[in-house]
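J.: Give me coordinates for this.
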Amino acid sequence: MSSHATPIPMTARASGPLKGVAEVPGDKSISHRALILGALSVGETRVTGLLEGQDVLDTAAAMRAFGATVTRHGPGEWTVQGVGVGGFAEPDHVIDCGNSGTGVRLIMGAMATTPVTATFTGDASLNKRPMGRVTDPLALFGTQAVGRRGGRLPMTVVGAPDPVPVRYTLPMPSAQVKSAVLLAGLNAPGQTVVIEPEATRDHTERMLRGFGAQVDVQDTPEGRVITLTGRPELTGQSVAVPRDPSSAAFPVCAALIVPGSDILVPGVSRNPTRDGLYVTLLEMGADITFENEREEGGEPVADLRVRYSPDLQGVETPAHRAASMIDEFPVLSVVAAVARGTTVMRGVKELRVKESDRIDAMARGLEACGVRIDEDEDTLIVHGMDRVPGGATCESRLDHRIAMSFLVLGLVTARAVSVDDGGPIATSFPAFEPLMAGLGAPIQRANA
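T.: Here you go, the predicted structure:
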């Protein structure tokens, strides 16, 4: 059930071939960071291709609350007049980050070493998610945070008046935590060091360099060591946001499993720290080719040609790959349900603290559709079958990726598959319904 509006039940039915061009939205991770770093810069930042989903719009509103001027000029075209590192003003109202864990955690980091106080809240899903993983390392700078039991929102954060640099080893692979610490380190003297035993998406490091920060990255026996020199003067930039590989996953996976499909998904990020799903799909036997490979906005991108792949085979995804595909496991489990044999997904415990417990959500929904599932705290196992019966109404649990994954499943099941609420899809992929309809997918709202 959606926290902001009446639930939107949706249903997907067996589809004919998907054909055409899927223009997926801009990358959500990069969109958040472009707005935040633009706000922390001197001068104007121009952003094209910005994702205009609710998560990113909430981050834009937060940057305005901290004193930046954030203006929309047209679809995906925005400017940010920044206030500089350490220049955030104290917001005069509560910062509502909606459904976005990325937004709230990165914003907390960005303000943590400036002497201002801000209170953060979110929707029912975000307010259940743990914030201690961010506020604990931020406390090392001198930041204070007081929230609900278990370190949950609503939470008030008091920025450190005299921050000190930090050396921090991530206890779990999390780009959000890494990024929060690096953003906090911007307004701390000296060098802030983050050590990640397992590499996670590196958009923050790339973009910090692009805005003028000194960031050194070294691979060592203890992991990736990222060193940021504090108190740089960041300068406004032009940022071209590539298309989101996590959003592209839905039309890509649908085309792979719907007979006769052949689609093109242009301009998708091929950042190696985000590429785990596509590596896995190729291992399964997916017919995906990467055309017109190039670089845009400091990120490698390519056009994806995707064709129906009738001979997909189950595989085992190693735990070390999980961080590079953590948001794509729900839709991968859908592909696994129609592949031959068994797919074993290891190292996925981080899925239990996303917008929902994604392991449990996918397991219960797939079981309701007739798929055999095994799971433990850190593993999801899907046993593939020739034709999934379907016929269930699955809970989206306020989670956009769960809702879209089950709608993709419904395109190939014997009976229609429904989700109780497709409303959360708007947080990351507001054009999902018209895009899929344009490819020929029969996905409809219950009242349509």
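
J.: from here on, contacts and neighbour counts on C-alpha atoms
T.: Fine.

J.: does residue 337 sit in a helix or strand, and which one?
T.: Residue 337 is part of helix 329-338, with elements assigned from DSSP states H and E.

J.: contact partners of that helix?
T.: For helix 329-338, the external contacting residues (CA atoms under 8 Å, 6 or more residues apart in numbering) are 249-250, 253, 257, 277, 312-314, 342-343, 345, 358-359, 362, 371, 382-388, 401-402, 404-406, 408-409.

J.: Contacts only, for residue 260.
T.: Counting by CA under 8 Å, 6+ apart, the residues that residue 260 touches are 16-18, 307-308.

J.: Check residue 426 too.
T.: Per CA under 8 Å, 6+ apart, neighbours of residue 426: 53-54, 400.

J.: got a list of what residue 105 touches?
T.: Going by CA under 8 Å, 6+ apart, residue 105 touches 131, 134, 176-177, 180.

J.: could you pull out the helices for the stretch 1-150 of the chain?
T.: All helices of the stretch 1-150 of the chain, identified by DSSP state H, counting those that start in this stretch, fall at 28-39, 54-65, 101-111, 132-139.

J.: what's the last one packed up against?
T.: This points to helix 132-139. helix 101-111, strand 144-148, helix 175-185 (3 or more CA pairs under 8 Å, 6 or more residues apart in numbering; DSSP states H and E).

J.: between those, which gets nearest to residue 419?
T.: Nearest to residue 419 among these is helix 101-111 (22.6 Å), distances taken as CA to CA.

J.: Just give the nearest non-adjacent residue to residue 443, would you?
T.: residue 12 (4.4 Å; CA to CA, 6 or more residues apart in numbering).

J.: so that neighbour bridges to which residues?
T.: When assigned by DSSP bridges, residue 12 has beta-bridge partners residue 417, residue 443.

J.: quick one, what contacts it?
T.: Residue 12 is in contact with 407-411, 416-418, 441-444, counting by CA under 8 Å, 6+ apart.

J.: and if we set it to 7 Å?
T.: Going by CA atoms under 7 Å, 6 or more residues apart in numbering, residue 12 touches 407, 410-411, 416-418, 442-444.

J.: next one: residue 51
T.: Per CA under 7 Å, 6+ apart, neighbours of residue 51: 25-28, 31, 76.

J.: Repeat the analysis, applying 10 Å as the threshold.
T.: Contact partners of residue 51, counting by CA atoms under 10 Å, 6 or more residues apart in numbering, are 24-32, 57, 75-77, 241-244, 427-430.

J.: which among these end up buried?
T.: Using 16 or more other CA atoms under 10 Å as the burial test, the contacts of residue 51 include 24-32, 57, 76-77, 241-244, 427-430 as buried.

J.: Weed out the non-buried ones from the contacts of helix 329-338.
T.: Buried among the contacts of helix 329-338 by 16+ other CA under 10 Å: 249-250, 253, 257, 277, 312-314, 342-343, 345, 358-359, 362, 371, 382-385, 388, 401-402, 404-406, 408-409.

J.: coming back round to it: let's see which of the contacts of helix 329-338 end up in helices.
T.: 249-250, 253, 257, 277, 358-359, 362, 401-402, 404-406, 408-409 (DSSP state H).

J.: thinking again about what came up before, looking at the helices of the stretch 1-150 of the chain, which is nearest to residue 273?
T.: Among the helices of the stretch 1-150 of the chain, the nearest to residue 273 by CA to CA is helix 28-39 (12.1 Å).

J.: what's the angle between that closest one and helix 175-185?
T.: 10 degrees (axes from the mean of the first three to the mean of the last three CA atoms, to 10 degrees).

J.: Using PDB, list the CA coordinates for helix 28-39.
T.: Included here for helix 28-39 are C-alpha records, laid out as PDB according to Å, rounded to 0.1, in the frame of the first residue of the first chain:
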ATOM      1  CA  LYS A  28      19.000   7.600 -10.200                       C
ATOM      2  CA  SER A  29      22.300   7.300  -8.300                       C
ATOM      3  CA  ILE A  30      24.000   9.800 -10.500                       C
ATOM      4  CA  SER A  31      21.000  12.200 -10.500                       C
ATOM      5  CA  HIS A  32      21.000  12.300  -6.600                       C
ATOM      6  CA  ARG A  33      24.800  13.000  -6.600                       C
ATOM      7  CA  ALA A  34      24.600  15.700  -9.400                       C
ATOM      8  CA  LEU A  35      22.100  17.700  -7.300                       C
ATOM      9  CA  ILE A  36      24.000  17.300  -4.100                       C
ATOM     10  CA  LEU A  37      27.400  18.100  -5.500                       C
ATOM     11  CA  GLY A  38      26.000  21.000  -7.500                       C
ATOM     12  CA  ALA A  39      24.600  22.400  -4.200                       C
END
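
J.: gap between the nearest residue to residue 352 once chain neighbours are set aside and residue 338?
T.: If the residues on either side of it in the chain are set aside, residue 352 comes closest to residue 358, at 5.7 Å by CA to CA, 6+ apart. Distance, residue 358 to residue 338, by CA to CA, to the nearest Å: 19 Å.

J.: got it, and residue 202?
T.: Distance from residue 202 to residue 338, by CA to CA: 32 Å.

J.: more crowded one of those two?
T.: With neighbours defined as other CA atoms under 10 Å, residue 202 and residue 338 compare such that residue 338 has more, 26 against 15.

J.: sorry, back to before: possible to save the contacts of residue 426 as CSV with distance to residue 234?
T.: Output for the contacts of residue 426, formatted as CSV (distance: CA to CA, whole Å):
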residue, distance to residue 234
53, 26
54, 27
400, 34
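
J.: how would you label residue 187: helix, strand or coil?
T.: Following DSSP: H, G, I helix; E, B strand; the rest coil, the label given to residue 187 is coil.
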